[in-house]
Structures are given as C-alpha cells and as structure tokens.
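**Student:** how would this look folded up:
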Amino acid sequence: MKPKTRQFVILSLLYWALRRLLELVVLMLRSDEAKEVEIVVLRHELHVLKRQVGRPQVRLADRALLAAASRVLPKARWPTFFVRPETILTWHRKLVARRWTYPRKRGRPPTRADIRSLIVRLARENETWGYRRIQGELLGLGIKVAPSTVWTVLRQAGIDPAPMRAGLSWTAFLKAQAAGIIACDFVTVDTVFLRRMFILFFIKIDSRRVLLGGVTSNPDASWVTQQARNLVSQSEIVPFRFLIRDRDAKFADGFDEVFRSEDVQVIRTPIKAPLANAFAERFVGTLRRECLDRTLILGSGHWSRSSGSTSIITTATGRTGR
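**Tutor:** Reported below is the predicted structural model:
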C-alpha cells in the first residue's frame with residue numbers, strides 16, 4: 001500500500017470513529033423510548049436497502065469499523081449487519097494478519113541469467129557432459145556454482161541427463177542415413193499450346209539439392225534409362241546407397257538395372273503412399289506454387305540450360321520450401 005493511501009485510510013478511520021463517538025454521546029442523552037423508535041426505523045430502512053442494493057461497496061475503513069463492532073455486539077444480534085457473519089470474521093482475520101505481518105527475509109539469491117544461459121549452452125554443445133562436469137568447467141572459468149544449481153537449471157530447461165542426451169536419437173540417425181539417399185519423381189506441366197511435358201528430377205535428401213534429369217513429351221523406357229545413366233556418370237552425385245521412387249509405370253526395368261549395377265538399392269514406395277516419398281512430393285508442391293502456377297511454359301527450352309539436348313543434367317541448388 002502506498003504511503004498516501006495509508007494516510008488516507010487512517011484519517012478516514014479516525015473520522016468515522018469520531019462520528020460514531022459523537023453519535024454515542026447523543027444517544028446517551030436521549031430517552032429510551034426515542035432510542036427504541038429510532039432502532040425500529042433504522043432496521044426497516046436496512047431491510048429496504050437490502051432489497052434494492054445487490055452488493056454494497058465497502059471501503060477498508062468500513063470493514064475495520066464493522067469488524068471492531070462485531071467483537072462487542074453479541075452474535076445473536078449479528079443479523080443486523082448487511083453482510084454475512086463469515087465475511088465479518090474474514091475481515092477480522094485479515095486485520096489481525098496485517099497487524100502481525102513481518103517483512104520477509106531475503107533468501108538465497110537467484111542464479112544470474114548469463115550463468116544460466118552458459119550452463120544450458122555447455123549442456124547442449126556437449127552431450128556427454130553431466131552436471132558435475134559442467135560445474136567443474138564453470139569453476140575453471142572462475143564461476144562458482146553448486147552442482148545442484150547446475151542440475152536444477154538443466155531440469156528447468158528441459159534437458160535430459162547426460163546418459164540420455166548422449167544416446168543416438170531418431171533425428172540424428174535419420175540425418176546420418178540421409179547422406180546416402182536420393183529420391184526421384186516426375187512432374188507434369190501443360191504448355192501454352194496444351195502439350196503435356198514430363199519433367200524428371202532427382203533430389204538429394206541430405207542437402208535438398210535438386211537435379212533436373214530431363215524434359216520430354218514421351219518418357220519411354222529408353223529415355224528414362226538414359227537419364228539414369230547420366231545421373232550415375234556424375235562424379236559429384238555418387239556414391240549413394242538408396243534410390244526412392246514410386247511405382248509409376250514410366251520407370252522401366254532398365255532404369256532400375258542401371259542403379260543396381262552401381263550397388264544402389266532401389267526402394268519402391270508402397271501403393272497409394274505419397275508420404276513415403278515425402279521429399280520429392282514436397283519439392284513438387286514448391287515447384288508448382290513458386291514457378292508453374294506463375295509462369296506460362298512454351299516448351300522444353302524453359303527447363304534446359306542446353307538448347308540442343310534435354311538429357312544433360314542441370315543443377316538447381318537450394319532448399320525446398322516448407
């Protein structure tokens with residue numbers, strides 16, 4: 001409570017006490033008959049006000065006065081108050097608690113924010129370090145913290161203990177395997193002259209590097225097989241261990257045989273399961289949203305860097321959108 005507010009409450013309480021004291025003196029000078037009649041009138045007015053007012057607004061001085069009066073008035077007469085008896089008892093307990101409230105003692109100071117961030121950084125960059133190892137490294141830097149403090153900070157940051165962090169997670173496992181996986185798929189596009197073109201592309205799972213295999217209007221078995229030969233001939237692409245493709249009939253047997261001769265295992269996705277080739281499907285969506293839906297395609301020349309042949313592999317570096 002602010003000092004000005006506290007002074008106002010004290011003055012208000014003194015003013016109310018002075019008024020009640022003067023009223024008590026006046027009542028002592030009146031006759032008993034006049035007092036009884038006035039009490040009856042006040043009770044009736046109180047009943048009328050209770051019917052009209054839903055919940056009265058009581059200030060702190062009013063609560064103090066009513067609570068003090070309740071300690072003198074017998075409990076049998078408490079129904080004359082416009083609040084419930086439990087409310088008056090609650091006011092009294094709060095006044096007593098405020099009277100005997102002592103200032104809190106300052107305990108252990110909290111850990112500084114820079115130290116907490118340093119503890120979290122050491123734990124995330126060093127998966128095999130436990131809280132005692134981190135506490136020892138901080139001590140070498142001149143920062144004195146208890147091992148229990150390090151453990152508490154790591155637990156609040158949601159970081160598991162060192163044995164659990166050091167284990168190989170599924171995310172790390174898949175990232176390690178992604179370096180040897182490549183996926184492929186076809187994209188169809190209709191030109192301005194209503195001619196359907198088929199675009200064969202390959203995408204490296206680890207780097208999301210997209211390789212344009214070729215563009216044609218007739219993807220027969222010989223053409224698809226030649227694109228596979230062009231891919232494996234690139235020294236910067238191989239080696240990779242797995243090739244993911246769907247069950248499209250355009251992928252002929254010669255296409256798979258080219259990769260098997262290079263000890264590459266061809267993995268066909270299940271039937272009606274596009275999520276099994278999610279990286280290629282995501283690139284198709286990105287290509288349509290950012291290019292095909294915004295550009296009028298005249299022919300295969302838009303997709304090939306070489307105007308003489310579309311079988312030469314070209315590269316488009318970058319990552320596909322989410």
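
**Student:** which regions of the stretch 201-322 of the chain lie under the pLDDT threshold?
**Tutor:** Within the stretch 201-322 of the chain, the segments meeting pLDDT under 70 span 235-238, 300-322.

**Student:** now the helices for it?
**Tutor:** Across the stretch 201-322 of the chain, reading from the start of the chain, the helices by DSSP state H, counting those that start in this stretch fall at 221-232, 253-260, 278-290.

**Student:** Could you export the ones you listed to a markdown table, including columns for distance to Val215 and mean neighbour count?
**Tutor:** From N, CA and C alone the C-beta is placed, and that goes for glycine too. Output for the helices of the stretch 201-322 of the chain, formatted as a markdown table (distance: least, C-beta to C-beta, whole Å; neighbours: other C-beta atoms under 10 Å):
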| stretch | distance to Val215 | mean neighbour count |
| --- | --- | --- |
| helix 221-232 | 10 | 18 |
| helix 253-260 | 17 | 16 |
| helix 278-290 | 13 | 16 |
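
**Student:** Can you lay out those helices as TSV showing distance to Arg108?
**Tutor:** As requested, the helices of the stretch 201-322 of the chain are arranged in TSV below (distance: least, C-beta to C-beta, whole Å):
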stretch	distance to Arg108
helix 221-232	64
helix 253-260	65
helix 278-290	51
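
**Student:** Ile199: which of the ones you listed is closest?
**Tutor:** helix 278-290 (8.5 Å; C-beta to C-beta).

**Student:** Would you check that Asp190 makes contact with Arg196?
**Tutor:** Yes - at 5.5 Å, Asp190 counts as touching Arg196 under the criterion of C-beta atoms under 8 Å.

**Student:** Tell me the buried residues in the helix or strand where Leu14 lies?
**Tutor:** Taking DSSP states H and E as the definition, Leu14 sits inside helix 3-29. Buried residues in helix 3-29, counted by 16 or more other C-beta atoms under 10 Å: 12-13.

**Student:** between the helices of the stretch 201-322 of the chain, which one is nearest to Val58?
**Tutor:** When the helices of the stretch 201-322 of the chain are ranked by distance to Val58, counting by C-beta to C-beta, first place goes to helix 278-290 at 63.9 Å.

**Student:** Which strands and helices lie in contact with that closest one?
**Tutor:** With contacts taken as 3 or more C-beta pairs under 8 Å, 6 or more residues apart in numbering; DSSP states H and E, helix 278-290 sits against strand 181-190, strand 196-204.

**Student:** Same list, those, but as a markdown table with mean neighbour count please.
**Tutor:** Conversion of these to a markdown table gives the following (neighbours: other C-beta atoms under 10 Å):
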| stretch | mean neighbour count |
| --- | --- |
| strand 181-190 | 19 |
| strand 196-204 | 20 |
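
**Student:** As a markdown table, those with distance to Leu18 would be great.
**Tutor:** As requested, the helices and strands packed on helix 278-290 are arranged in a markdown table below (distance: least, C-beta to C-beta, whole Å):
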| stretch | distance to Leu18 |
| --- | --- |
| strand 181-190 | 90 |
| strand 196-204 | 89 |
